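>>> coords below, sequence missing:
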RNA sequence: GGUGAGGUGGCUGAGUGGUCGAAAGCAGCGCUUUGCUAAAGCGCCGUAGUCCAAAAGGCUACCGAGGGUUCGAAUCCCUCCCUCACCGCCA
């Protein structure tokens, strides 16, 4: 209670970020309010632009199918489905009785207007209407609460996997779809950190000194290579694959994070600054560019390529892959985003994946493409392909791109539609094209020469300004 | 950071507390006229929820969001969010 008073004095923006620091430095996690985030019970943020992301009609019309498809993601979703349906029934009952009262009130109010206009007495009717005010108020609050609760539940239910997505429990059930190239012959493979440090490309110790673990600092030719990769990737996608380059803001509003599905569920993975969020991926700003718009279908598909750094707390993976460039709190990425018509999204996902694969083909890097099974699928995705590049020094494949079809899941959340007979939700697709740090790892470990230098693929020469990196 | 002005349908833009879901214009759709185009005339043209087995139709809500006043709010009051303009500071 004491906290509530203090909280109320602060800017809602900050409070809604989920953490509140009181005068003693205590961190208070505000109450989950059902508005799509952690906020104060009275907070009304987010309600305005948040749409239910799964169609409630689908729940009503075919609950068994919804249940069955969610069950393929893993256990634990049934209760939410049941709760949504129960709330839906209650909500509709409350709305119906409320509406009956409202209709009666409107009728009487009009009558009062008529009586007054003709200078007749209306006190009796006025008293009658007034007598029902409390009942109406109560019903209206009840129905609003049910409606908010339902929306909140829906926001936390993941997308339905496409029916043909292979069913499986975890990553071990992901089928390999294709393999490109072959593992390079490296006499004595070395870890990229050793290679990069020997060549003076990165400075992990000083990176840790200024930012802590999980950050990279590229230096000299290492920094130049990073910059070369950004330019190479953007040029490839904009010149050869028809994407429009976008350079978006790196700090974005909460509702955009809700729009693409990072929130409300994954707030712990995000960095926040002053009520805004640091982009966890360019997917967020770029897909949201057209939020709340009704697009001309003749303009679709819209294809964007964007470079941004990506900021992630990696909250759930403390201690994993802490060394090197493989898992960091900040990394660079070029992201591909498409907004398209529903009937084309399946084909657009295939071509976007092909565009991302092309990066590795042009660089001559061995890779494989896997399909994520239902249990490994991301929250918002209906179907996902992962592209994994071979890293000889790790003796492992590294995920450099995750290409997903979200169907209308994100579009619903951000109210992104196209004009038609009836305005319908667009489909959205995105995939990395590609993540830079892991690509960097693969390039160093695959191009390693016996003398410790690294030979770069010809495609990078004009961007890097040399064909190899030597001491 | 300071000050001011605003947020109304796909867009522009009116709106006196009661018949306003909201004038008008543009765009869109249909029809008529004309040899085609163009133009003109007429009509239609928001979203969501809910009732009905469904259609037809009815009802309810929505004028940035939330709350309040009132028998009745786009209109009055409060809070918040957002946008724009000017000033200051700054790359």
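Alright, I've got the coordinates. For clarity, every value in this text was computed on a predicted model and none was experimentally measured. Residues are numbered from 1 along each chain as shown, chains lettered A, B, ... in the order given.

>>> how much space between residue A:83 and residue A:112?
The gap separating residue A:83 from residue A:112 is 42 Å, by Cβ to Cβ, to the nearest Å. To be clear about C-beta, it is placed using only N, CA and C from the backbone, and glycine gets the same treatment.

>>> those two - which one has more neighbours?
More crowded of residue A:83 and residue A:112, by other Cβ atoms under 10 Å: residue A:112, with 17 against 14.

>>> not counting its neighbours along the chain, what's nearest that one?
residue A:122 (4.5 Å; Cβ to Cβ, 6 or more residues apart in numbering).

>>> just residue A:178 next, same as before
Excluding its sequence neighbours, the residue lying closest to residue A:178 (Cβ to Cβ, 6+ apart) is residue A:369, at 5.2 Å.

>>> give me the number of residues near the one you found?
21.

>>> now the helices for the stretch 51-200 of chain A?
For the stretch 51-200 of chain A, the helices defined by DSSP state H, counting those that start in this stretch occupy A:56-61, A:63-71, A:78-117, A:123-131, A:133-155, A:192-199.

>>> can you pull the residues of chain A lying near RNA strand B?
Within reach of RNA strand B by Cβ under 7 Å from any atom of the strand, chain A has these residues: A:11-13, A:44-45, A:47-48, A:56-57, A:88, A:91-92, A:95-96, A:98-100, A:102-103, A:105-110, A:112-113, A:116-117, A:126, A:129-130, A:133, A:137, A:144, A:294, A:422-423.

>>> re the thing from before, the strand or helix carrying the residue nearest to residue A:178 - contacts with which helices or strands?
For residue A:369, the host element (DSSP states H and E) is strand A:367-371. Identification of packing neighbours for strand A:367-371 by 3 or more Cβ pairs under 8 Å, 6 or more residues apart in numbering; DSSP states H and E yields strand A:176-180, helix A:345-363, strand A:383-391, strand A:396-407.

>>> for the ones you listed, give me JSON lines that also has mean neighbour count, mean pLDDT and distance to residue A:428.
Formatted as JSON lines, the helices and strands packed on strand A:367-371 follow (neighbours: other Cβ atoms under 10 Å; pLDDT from 0 to 100; distance: least, Cβ to Cβ, whole Å):
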{"stretch": "strand A:176-180", "mean neighbour count": "13", "mean pLDDT": "97", "distance to residue A:428": "22"}
{"stretch": "helix A:345-363", "mean neighbour count": "20", "mean pLDDT": "97", "distance to residue A:428": "8"}
{"stretch": "strand A:383-391", "mean neighbour count": "24", "mean pLDDT": "97", "distance to residue A:428": "12"}
{"stretch": "strand A:396-407", "mean neighbour count": "23", "mean pLDDT": "96", "distance to residue A:428": "5"}
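
>>> coming back round to it: and the residues of chain A next to RNA strand B, which are buried?
Buried by 16 or more other Cβ atoms under 10 Å: A:12, A:45, A:56, A:88, A:91, A:95, A:98, A:105, A:108, A:112, A:126, A:129, out of these.

>>> show me what contacts the fourth one?
Residues in contact with residue A:88 (Cβ atoms under 8 Å, 6 or more residues apart in numbering) are A:56, A:59, A:60, A:150.

>>> please apply the same query to the fifth one.
Residue A:91 makes contacts with A:143, A:146, A:147, A:150, as judged by Cβ under 8 Å, 6+ apart.

>>> got a winner among the contacts of residue A:88 for most neighbours?
When neighbours are counted by other Cβ under 10 Å, residue A:150 leads the contacts of residue A:88 with 22 neighbours.

>>> measure stretch A:265-275 end to end?
Terminal residues of stretch A:265-275 lie 17 Å apart, using Cα to Cα, to the nearest Å.

>>> ignore the last one, stretch A:115-134
End-to-end distance for stretch A:115-134, by Cα to Cα: 25 Å.

>>> identify the residues contacting it?
Residues from elsewhere that reach stretch A:115-134 (Cβ under 8 Å, 6+ apart): A:101, A:104, A:105, A:108, A:109, A:111, A:112.

>>> the third one contacts residue A:139, correct?
No - under the criterion of Cβ atoms under 8 Å, residue A:105 is not in contact with residue A:139, lying 11.7 Å apart.

>>> what about residue A:191, distance to residue A:325?
Computed with Cβ to Cβ, the distance linking residue A:191 and residue A:325 is 10 Å.

>>> ah, wrong one, I meant residue A:244
The spacing between residue A:244 and residue A:325, counted by Cβ to Cβ, is 29 Å.

>>> repeat that for residue A:269.
From residue A:269 across to residue A:325, the span is 19 Å (Cβ to Cβ).

>>> likewise residue A:203?
Residue A:203 is 12 Å from residue A:325, by Cβ to Cβ.

>>> these two: which is more packed in?
Neighbours were counted for residue A:203 and for residue A:325 using other Cβ under 10 Å; residue A:325 has more, 23 against 18.
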